[in-house]
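Chemist: dropping the sequence and predicted coords here.
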Amino acid sequence: MEPIIKVEHLCKSFQTKEGTVDAAKDISFSIEKGDIFGIIGLSGAGKSTLVRCLNLLERPDSGSVRVNGQELLSLSEGQLRKARQSIGMIFQHFNLLMQRNVLDNICFPLEIRGVSRGEARKRAYEYLKTVGMEEKARAYPAQLSGGQKQRVAIARVLANEPQIILCDEATSALDPQTTRSILSLLQQINKDYGITIVVITHEMAVIQQICTHVAVLDHGSLVEHGTVREIFESPKTEAARRLIIGSGSRGVDRMTGRRTIRIVFDGQSSYEPVIGNVTLAFGTPVNIMYAATRDLGGSAAGEMILQLPEDREIGDRMITYLRERKVIVEELDDMPGDELSGETEE
Amino acid sequence: MIREFFNQYGPMLWEGTLDTLYMTLVSTFFGYVLGLPIGIILTVTDQDGIHPNKVVYRVLDIIVNLLRSVPFLILLILVIPLTKAIVGKSYGSSATIVPLVIAAAPFIGRMVESSLKEVDRGVIEAAQSMGAGTFTIIFKVLLAEARTSLLVGVTIVTGTILGYSAMAGTVGGGGLGDIAIRFGYYRYQTDIMIVTIVILVALVQVLQAIGMYISQKLDHRKA
Ligand SMILES: Nc1ncnc2c1ncn2[C@@H]1O[C@H](COP(=O)(O)OP(=O)(O)O)[C@@H](O)[C@H]1O
Ligand SMILES: [Mg+2]
């Protein structure tokens, strides 16, 4: 089956006063129908540019963007408008019509399609129920919290019965708890309606909660992509490592000059035995700097950052010992500490 | 004495007030008939508008700036031939409407442009992402979302045109301005001058109050 989104050799640059910015450099990837596909990168990596190329809010300089087997770049204005109706988009700042109440906001896409007013209201109300906001039908966006606004925005997108929903930092303006509830809602929608979802974020936690696949963007290039588990367990590039490790261990002071490793293991088993055994086997304690169990799209994974004893040989042996026990080990020594603090959007 | 004054001049002042209102409201209306499209085109064709078009924007921009920099009194005289062609005469309230409209339209165009540019870029993009076309965006997003600001604009424009209509009265335009000049200035009847000024101020106040009230009523941006 053909992927629902297929991007090939996409390039986009902007002319600014400081010169040319290459926001997307020869990007190719595809997304299968029904996936929840994450695109992660630091602020300025080109995530928004890339996702906006998927519905041509931004026109690529070159390359190809195929959605549902249709080359978007060869469509006429009218055909593009039609195609956009099946590609919904939600935004960091919600972008609701402030002068319309909640119900009429959801009617808006239906008005564009020429659905009659009565019918539009009826359908809008159904979608409001889907997102659990039917009590706020008559409220205006200014009277809603951020999470509620995003729910309305999701209902508005659903009203177009899209096949794809693009989310550009859709939870970045929300607190962690609201973020989780919005992500759950998106996951539910993906399951119930089979809608493919593309999630743009600078937070690994978002990717971990709902994505099946992830692509890592760095300075306009797609440096790595695969299943969330693959990338999480063995990131191949510096950029991916920084995003993944930085996401969990913010604030961990790793400027000690000691040898540091990151280990990833099956989350079903708890981490104490692993460390306990290492300590017992070598008669030297290791320093646990960070430990967490994460939910990677339904299956658990444990992650730890350890500081090894100063003796280089014992350290090497510990790594071998862990690897023999199917624990994924990665050395972090070469990582400058200040780059780990993670960047935040606005 | 006051009774006497109003017996003598009341009907004339009343008629002057109606004339002034007539000139102001009709000019505002036709000002918007011309100015609203100007403002919309300026917004849409600007470089970060929904249909950027350098040529259209520059040409319109220059015309608007030129017209706005012509002093109103000079415009009054310059458009006399046009006024004659449209109204049939060059004096009286109806004749004054022509220069008022021509002076107001570019001003209104700018007011509309600045109101429409207040509309959040993100909301426009959201509409585009749903498949909205240019006309839908103009009417259902730009004009609808900017309505409070547009109405405040109408209020300001009406007050300004009222002032200009009084100025036009000085060159035979009719209305309160005409009365103020004929009696207050040429015949030194200060009392009439003062009364016309009071009426003008009251009119501006009332129009302002109505405009502000409606625009507040229609604004849902505050919780
Ligand atoms: N319209 C634009 N004009 C000029 N530069 C832009 C524009 N949009 C994005 N950029 C630049 O392109 C780069 C990528 O931006 P963006 O895609 O917004 O990144 P992200 O969403 O990952 O933070 C940045 O350097 C940004 O400054
Ligand atoms: Mg962005």
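Modeler: Looks like it came in fine. Ligands and ions are numbered 1, 2, ... in the order given.

Chemist: helix or strand with the lowest mean pLDDT in chain B?
Modeler: helix B:175-179 (a mean of 83; mean pLDDT, DSSP states H and E).

Chemist: what are the buried residues along the next helix or strand after it?
Modeler: Once helix B:175-179 ends, the next helix or strand along the chain (criterion: DSSP states H and E) is helix B:190-217. Within helix B:190-217, the residues scored as buried using 16 or more other CB atoms under 10 Å in any protein chain shown are B:192, B:193, B:195, B:196, B:199, B:200, B:203, B:204, B:207, B:211, B:214, B:215. Backbone N, C-alpha and C define where each C-beta goes, glycine included.

Chemist: do stretch A:322-336 as well
Modeler: A:322, A:327, A:328, A:329, A:330, A:332, A:335.

Chemist: which residues does that stretch contact?
Modeler: Residues outside stretch A:322-336 that contact it (CB atoms under 8 Å, 6 or more residues apart in numbering or on different chains) are A:233-235, A:241-242, A:245, A:254, A:259-266, A:274, A:278, A:305, A:319.

Chemist: could you pull up the mean pLDDT of it?
Modeler: Averaged over stretch A:322-336, pLDDT sits at 73.

Chemist: which residue ranges of the stretch 1-150 of chain A form strands?
Modeler: Ranges of strands in the stretch 1-150 of chain A, per DSSP state E, counting those that start in this stretch, are A:5-16, A:19-31, A:36-40, A:62-67, A:70-71, A:87-91.

Chemist: out of those strands, which one sits most buried?
Modeler: strand A:36-40 (a mean of 28; mean count of other CB atoms under 10 Å in any protein chain shown).

Chemist: which strands and helices lie in contact with that strand?
Modeler: The contact analysis (3 or more CB pairs under 8 Å, 6 or more residues apart in numbering or on different chains; DSSP states H and E) places strand A:36-40 against helix A:47-53, helix A:176-193, strand A:196-201, helix A:204-210, strand A:213-218.

Chemist: apply 7 Å and report the result again.
Modeler: On a contact count with 3 or more CB pairs under 7 Å, 6 or more residues apart in numbering or on different chains; DSSP states H and E, strand A:36-40 meets helix A:47-53, strand A:196-201, helix A:204-210, strand A:213-218.

Chemist: in a strand, residue A:167, correct?
Modeler: Yes. Counting by DSSP: H, G, I helix; E, B strand; the rest coil, residue A:167 is part of a strand.

Chemist: that one bridge partners, please.
Modeler: residue A:90, residue A:199 (DSSP bridges).

Chemist: hang on, it packs against residue A:200?
Modeler: Yes. With contact defined as CB atoms under 7 Å, residue A:167 counts as touching residue A:200 (6.3 Å).

Chemist: look at the two and report which has more neighbours.
Modeler: Using other CB atoms under 10 Å in any protein chain shown as the criterion, residue A:167 and residue A:200 rank with residue A:167 on top: 30 against 25.

Chemist: which residues touch that one?
Modeler: Residues counted as contacts of residue A:167 (CB atoms under 7 Å, 6 or more residues apart in numbering or on different chains) are A:90, A:197, A:198, A:199, A:200.

Chemist: go on, residue A:9?
Modeler: A:26, A:28, A:62, A:63, A:64.

Chemist: how close does it get to ligand 1?
Modeler: Distance from residue A:9 to ligand 1, counting by CB to the nearest ligand atom, to the nearest Å: 18 Å.

Chemist: for residue A:157, same thing?
Modeler: 20 Å.

Chemist: tell me the secondary structure for that residue?
Modeler: helix.

Chemist: which residues touch it?
Modeler: A:88, A:89, A:90, A:165.

Chemist: write the ChimeraX selection for whichever of the contacts of stretch A:322-336 are buried.
Modeler: Here is the ChimeraX command that selects the buried residues among these (16+ other CB under 10 Å):
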select /A:233,235,241,242,245,254,259,260,261,262,263,264,265,274,278,305,319
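
Chemist: spell out which parts of chain B neighbour chain A.
Modeler: Residues of chain B found near chain A (CB under 7 Å from any CB of the partner chain) are B:120, B:122-123, B:125-126, B:128-133, B:136, B:141, B:144-145, B:147, B:220-223.

Chemist: which of these fall within strands?
Modeler: Among those, none falls in strands (DSSP state E).

Chemist: which of these count as buried?
Modeler: By 16+ other CB under 10 Å, those give B:123, B:125-126, B:128-132, B:136, B:141, B:144-145, B:147, B:220 as buried.

Chemist: and those residues as JSON lines, adding distance to residue A:45 and pLDDT?
Modeler: Compiled in JSON lines, these are given as follows (distance: CB to CB, whole Å; pLDDT from 0 to 100):
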{"residue": "B:123", "distance to residue A:45": "25", "pLDDT": "97"}
{"residue": "B:125", "distance to residue A:45": "20", "pLDDT": "96"}
{"residue": "B:126", "distance to residue A:45": "23", "pLDDT": "96"}
{"residue": "B:128", "distance to residue A:45": "24", "pLDDT": "96"}
{"residue": "B:129", "distance to residue A:45": "21", "pLDDT": "96"}
{"residue": "B:130", "distance to residue A:45": "27", "pLDDT": "95"}
{"residue": "B:131", "distance to residue A:45": "28", "pLDDT": "94"}
{"residue": "B:132", "distance to residue A:45": "29", "pLDDT": "94"}
{"residue": "B:136", "distance to residue A:45": "33", "pLDDT": "95"}
{"residue": "B:141", "distance to residue A:45": "30", "pLDDT": "97"}
{"residue": "B:144", "distance to residue A:45": "35", "pLDDT": "96"}
{"residue": "B:145", "distance to residue A:45": "31", "pLDDT": "95"}
{"residue": "B:147", "distance to residue A:45": "38", "pLDDT": "93"}
{"residue": "B:220", "distance to residue A:45": "37", "pLDDT": "90"}
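
Chemist: now, among the residues you listed, which is nearest to residue B:48?
Modeler: Residue B:48 lies nearest to residue B:125 out of those, by CB to CB, at 11.3 Å.

Chemist: any idea how far residue A:319 is from the closest one?
Modeler: Per CB to CB, to the nearest Å, residue B:125 is found 50 Å from residue A:319.

Chemist: mind listing which of the contacts of stretch A:322-336 are in helices?
Modeler: A:233, A:241, A:242, A:245, A:274, A:278, A:319 (DSSP state H).

Chemist: how about the fourth one, nearest residue that isn't a chain neighbour?
Modeler: Translated: residue A:245. Closest residue to residue A:245 apart from its sequence neighbours, by CB to CB, 6 or more residues apart in numbering or on different chains: residue A:262 at 6.0 Å.

Chemist: and the one you found, how far is that from ligand 1?
Modeler: If you go by CB to the nearest ligand atom, the gap between residue A:262 and ligand 1 works out to 25 Å.

Chemist: pretty sure that residue sits against residue A:242.
Modeler: No. In this structure, residue A:262 is not within contact of residue A:242 by CB under 7 Å, at 11.7 Å.

Chemist: was I right about residue A:314 contacting residue A:281?
Modeler: No. In this structure residue A:314 lies outside contact range of residue A:281 using CB under 7 Å: 10.3 Å.

Chemist: can you pull the contacts of residue B:22?
Modeler: Applying CB under 7 Å, 6+ apart, the residues contacting residue B:22 are residue B:93.

Chemist: pretty sure it belongs to a helix, no?
Modeler: Yes. Assignment of residue B:22 by three-state DSSP places it within a helix.

Chemist: how many neighbours does the residue in chain B that ligand 1 sits nearest to have?
Modeler: Closest to ligand 1 within chain B is residue B:48: 8.7 Å, counting by CB to the nearest ligand atom. Residues within reach of residue B:48, counting by other CB under 10 Å, total 9.
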